[in-house]
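J.: have a look at this prediction, sequence included:
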Amino acid sequence: MSNFWQSPPALAPILAVLYAVLLVLVFLRRPALNRLVLWTLIFLGLSAGWQLASERLVAADGSLTIWPAGLLVLGALSRTQATAHYLERPLPRWWLPLWAALTVLLAIWPGALPFAIPPFWRLASTAGQGGGFILWFILSLAAYGWSLLSTRQTRFPWHANRTLFWSIALLLTLAGDLLSLAQPDLLRLAGYGLRLAGACGLAYAAVTIVRVDLRTRFRRALARFFLLLLIALPAAGIYYLAFGLAAGFSPAAAALLLGGATALIFLLFLRVYRRLERTLFPVLLGRGLDANAVIRDYTQSIGSTLEIEQLSAVIFEKLDSLFGLSHGALMLVAPAAEQIAVEPIPAAGLIDRETRYLPADSRFLETLRTIHQPLLQFEIEFNPALQPLRREIAPWLPALDMELYAPIRSGGTLEGFIALGPKQSGLTYRTDELDLIQLLADQTAVALENARLYREVGTQNERVRHLNLDLRRQNDRLETLDRVKSDFITVASHELRTPLTQIKGYTDILTSLNEENALTREQTRQIIGQIERASGMLEQLISAMLDASQIDVDEMKINPTETHIETILRLALEPLSQAIRERQLQVTTDFEPGLPPILGDFKRLVQAFTNILSNGVKYTPDRGGITIRCRQISHADGPPALEIAITDTGIGIAPAYQQLIFDKFFRLGDTQLYSTSGTKFLGAGPGLGLTIARGVIDAHGGRIWVESEGEDRERLPGSTFTIILPLAPPSAPAANGAGKAGP
């Protein structure tokens, strides 16, 4: 026996063949020849070569020979590379050639080690060979450290189990490497076995999806160990007493006594084992779930829930009580045009509520529709057949930090899915738990359909309510416009009749005096002047109506020329100067220094500002004030412009009328109090001045709006008309101002 342990060369070819067989199996079973598989194959090949060279591992002086030691270091290098790719943390490109060069350099570099090596291990006595061992140690420590760190950092239990499996296999290979250098041959043989077992684990992890729940299996094994220990102790006590008593009896009686003790232990095992199993296993593994009771309680809870947000909260509450969850959400699926909308309804945790849109032929949603169990995020990330799903949902769905997705189907249609985060305990979802979650998801379909119908009814009711409000507003507007048109007929007839009456009256006087041959030159001049004034009023009214009609059909033309806003405003005030003096109004101007010239239709702009200022004069009481401010403004999303603000201290404008005043024929006040004068307090015209002003401003690419706290003839809150006038009009000006009379 001693010679067998001391002759590992007889075992080395067998181990090398086993490594070679393992290499072939990995090559044949690989789903794809990726870098992880490639480095695993390299590791297995180097392991086979190292095993064949192990008969020359130790020189006559007890030191390591160069080539076996080099193969050992290169094996550690390939193992570290495989670990990096397994953990999806690829190393830099310069890393591999650097360490390969160091391996060769230290393998051929002679000299003494700066520290003593324990004699228990068969290590090199030269610095080069000892340096190779240091490289092996650093590489092995780095690989194992990365693996453990990744296991601790991941929050997903299945991901943690995957890296934990790799860590255990890695630890076995490291321990095997170390024991293979041990002085006792028995330890060397154990090292060979551990290394081969670890290599099998690494190979298995490289070509398959590791679905081994190591934590649950460890806890189950621990529970069984304690269970057997609790039974073994009483059994040992019974045998101890039986042997003690049997010492004073005859052989037949002693045999009968021991047989009775054995029967007693067997009965004890049968009765106690099941009872202890029911008591101990729930403590160590958690209590089992009564599926019927859970489904019955779950169905009752969600059956009376009609709001989707509340349904999501109830679903998570029930599942949280079963599994101890960290977060979750109900995800609604609905067609949207040529895409499919996925709307998250958070139940717990910080969940992004933004609706996402997936392609109509989404493989992720199609997979959920066809599978009959929850889809794990672990499967999406590591199952090669599901790699298209990973690309489709990245980075949105993984960012939600969900562990599984349980589809909710109704009649073969995917209505949504339940997304659950990992358990707070850190344990995985067992198979029976996944089946139960899917059963609960199937029970959710009817409740979700009812909640969706309830939401749709609520949405339709809200839509009807808004439509009713809009109809009410439109009805009020139509009533106002109808009143405005009636008022316009009254005002327009008055406006037209007044100058026509004057013309007809003075014409009759002129005719009568002429027939009597009683006209003097001075009388003729006065009568003709009155006729001309009345004709001018009539012409002005007709021109205003024509301008308003041009605005309606986008026919207002402008002839831009360079001018200054100060000149425009000064000329706009001239027609109103007499009224301003008579009514003792105070006009104040505040112009920003250095205002640039503008490119605009001078005549049209004077007309527009005259109408705006006339509005301020008419609705400002005597001895009131009007302030004109002008400054240059510039916006990142618009051309440079001038901002002109005309503020009066008048009666103000009610918010309901602040848009209507820019419509044709609209005027504030009672038409029964109508006055022909356009400049006396509360005097009014046909309601076209502000309409024309807006059309002119819009034709220049500008905007106009009014701001006022409301109408109050006692408090006099006043109004502010703000005009944004670009320094140059657009290349293709549009005269239609519909919808532009606002900020």
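T.: Received the coordinates, thanks. Residues are numbered from 1 along each chain as shown.
J.: and stretch 78-96, how far apart are its ends?
T.: Using Cα to Cα, to the nearest Å, the end-to-end distance of stretch 78-96 comes out at 9 Å.
J.: what's it in contact with?
T.: 34-36, 39-40, 42-43, 46, 77, 139-140, 142-143, 146-147, 150, 163, 166, 170, 173, 202, 205-206 (Cβ atoms under 8 Å, 6 or more residues apart in numbering). Using the backbone N, CA and C atoms, a C-beta is placed for each residue, glycine as well.
J.: of the residues you listed, buried ones?
T.: For the contacts of stretch 78-96, a burial check counting by 16 or more other Cβ atoms under 10 Å picks out 36, 39-40, 42-43, 46, 77, 139-140, 143, 146-147, 150, 163, 166, 170, 173, 202, 205-206.
J.: what packs against the strand or helix carrying Asp435?
T.: Per DSSP states H and E, Asp435 falls inside helix 431-515. Helices and strands touching helix 431-515, as assessed by 3 or more Cβ pairs under 8 Å, 6 or more residues apart in numbering; DSSP states H and E, comprise helix 291-303, helix 308-323, strand 328-336, strand 404-410, strand 413-420, helix 521-552.
J.: and the closest residue to Tyr19 other than its chain neighbours, how many neighbours?
T.: Residue nearest to Tyr19 in three dimensions, not counting chain neighbours: Ala48, with 3.8 Å by Cβ to Cβ, 6 or more residues apart in numbering. Around Ala48 there are 23 other residues, counting by other Cβ atoms under 10 Å.
J.: need the helix or strand of the protein with the lowest average pLDDT.
T.: Ranked by mean pLDDT, DSSP states H and E, the helix or strand of the chain with the weakest confidence is helix 2-5, at a mean of 38.
J.: which strands and helices sit next to the helix or strand just after that helix?
T.: Note on helix 2-5: by DSSP H and E, the next helix or strand toward the C-terminus is helix 12-29. Applying 3+ Cβ pairs under 8 Å, 6+ apart, one finds that helix 12-29 contacts helix 35-52, helix 185-207.
J.: using JSON lines, please lay out these together with mean pLDDT.
T.: Listed next are the helices and strands packed on helix 12-29 as JSON lines, based on pLDDT from 0 to 100:
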{"stretch": "helix 35-52", "mean pLDDT": "87"}
{"stretch": "helix 185-207", "mean pLDDT": "88"}
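J.: deepest in the core, which of those is it.
T.: For those, the largest average neighbour count (mean count of other Cβ atoms under 10 Å) is found in helix 35-52, namely a mean of 22.
J.: low-confidence ranges, the stretch 601-743 of the chain, go.
T.: Within the stretch 601-743 of the chain, the ranges that satisfy pLDDT under 70 run 636-637, 664-679, 683-687, 731-743.
J.: show me where it has strands.
T.: 625-633, 641-648, 703-707, 719-726 (DSSP state E, counting those that start in this stretch).
J.: need those in TSV with distance to Met402 and mean neighbour count, can you?
T.: Formatted as TSV, the strands of the stretch 601-743 of the chain follow (distance: least, Cβ to Cβ, whole Å; neighbours: other Cβ atoms under 10 Å):
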stretch	distance to Met402	mean neighbour count
strand 625-633	50	17
strand 641-648	51	20
strand 703-707	49	20
strand 719-726	50	21
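J.: for Pro346, find the nearest of those strands.
T.: strand 703-707 (40.7 Å; Cβ to Cβ).
J.: correct me, but the residue nearest to Tyr19 touches Leu23?
T.: Yes: using Cβ atoms under 8 Å, Ala48 is in contact with Leu23, at 6.9 Å.
J.: hang on, the earlier thing: between the helices and strands packed on helix 431-515, which one is nearest to His564?
T.: Here helix 521-552 is closest among the helices and strands packed on helix 431-515 (Cβ to Cβ), at 23.8 Å.
J.: I'd like to know which elements the following helix or strand past that closest one is packed against.
T.: Counting by DSSP H and E, the element after helix 521-552 in chain order, helix or strand, is strand 561-563. For strand 561-563, the packing partners by 3+ Cβ pairs under 8 Å, 6+ apart come out as strand 598-600, helix 602-618.
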